[in-house]
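1. Sequence and predicted model, in that order:
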Amino acid sequence: DAMVIQNPRYQVTQFGKPVTLSCSQTLNHNVMYWYQQKSSQAPKLLFHYYDKDFNNEAYTPDNFQSRRPNTSFCFLDIRSPGLGDAAMYLCATSSGQGGRETQYFGPGTRLLVL
Amino acid sequence: GDSVTQMEGPVTLSEEAFLTINCTYTATGYPSLFWYVQYPGEGLQLLLKATKADDKGSNKGFEATYRKETTSFHLEKGSVQVSDSAVYFCALSSQGGSEKLVFGKGTKLTVNP
């Protein structure tokens, strides 16, 4: 089945130690998204790629970066994680055909910062 | 800007009870509307969607109808099960090239046996 895969499902890091979260997709979708979701809240969009075009939300801290080396893979880099960055990180994709599209989510990576 | 307002809950029901979770939206033009479900510790799964007025989305016994006149997309199920316990998010995606989903705050549903 075509899907969105996130690894690892759980990630533990230390305060200030860089961490990378991974996402891959077999849907061949043009758009890939990264969301941050804290407990009992809706997902919050951090940024998205339309093909290789990077779109950052104005409120996303500089501490968060992303890379998309090819269509299938997208990475979230947190350069110096703080305690407040502990959250579920969700990757999603959409086909990208002019808005109103369905987004398909991966299972998420839960990040713990010690 | 676009927004989604949904009943926040939490909602607690007994098995086989009728479920309604209200969702209303504000958007320009004709957005697509979605219900996503999130089981504990998991990502979001698309439950159902509707792309134009009067469309009814349905899946796993859940239904929602796109009502443009009332700007609503209420989620209903006639008989809930314990396995339906989850958080439900209403969301919209606008036309016009934006690739963003606008989410409601989510409604936690607990179904007791």
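-> That came through fine.
2. Verify the stated contact: A:T109 with A:Y10.
-> Yes. Using C-beta atoms under 8 Å, A:T109 makes contact with A:Y10 at a distance of 7.1 Å. The C-beta positions use only the backbone N, C-alpha and C, and glycine is treated the same way.
3. Between the two, tell me which one has more neighbours.
-> Here A:T109 and A:Y10 are set side by side on neighbour count (other C-beta atoms under 10 Å in any protein chain shown), and the busier one is A:T109, at 22 against 10.
4. Now find how far off-centre the lowest-mean-pLDDT helix or strand in chain B is within its chain.
-> None of the helices or strands of chain B scores lower by mean pLDDT, DSSP states H and E than strand B:101-103, at a mean of 91. Put simply, strand B:101-103 sits 11 Å off its chain's centre (C-alpha atoms, centre = their mean, to the nearest Å).
5. Stretch A:25-40 now?
-> How far stretch A:25-40 lies from its chain's middle: 5 Å, per C-alpha atoms, centre = their mean.
6. Give me the distance between the two termini of it.
-> 27 Å (C-alpha to C-alpha, to the nearest Å).
7. quick one: buried residues of that stretch?
-> Neighbour counts using 16 or more other C-beta atoms under 10 Å in any protein chain shown place A:25, A:27, A:29-37 of stretch A:25-40 among the buried residues.
8. Dump those to CSV, plus secondary structure and pLDDT.
-> Below are these laid out as CSV (DSSP: H, G, I helix; E, B strand; the rest coil; pLDDT from 0 to 100):
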residue, secondary structure, pLDDT
A:Q25, strand, 97
A:L27, coil, 93
A:H29, coil, 93
A:N30, coil, 92
A:V31, strand, 93
A:M32, strand, 95
A:Y33, strand, 95
A:W34, strand, 96
A:Y35, strand, 95
A:Q36, strand, 96
A:Q37, strand, 95
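9. before we move on, the earlier item: strand partners (parallel or antiparallel) of the least confident helix or strand of chain B?
-> strand B:86-93 (antiparallel) (DSSP bridges).
10. Mind listing residues that contact the partner strand?
-> A:42-43, A:99-103, B:2, B:4, B:6, B:21, B:23, B:25, B:27, B:31-40, B:44, B:47, B:73, B:75, B:99-104, B:106-109 (C-beta atoms under 8 Å, 6 or more residues apart in numbering or on different chains).
11. Good, wrapping up.
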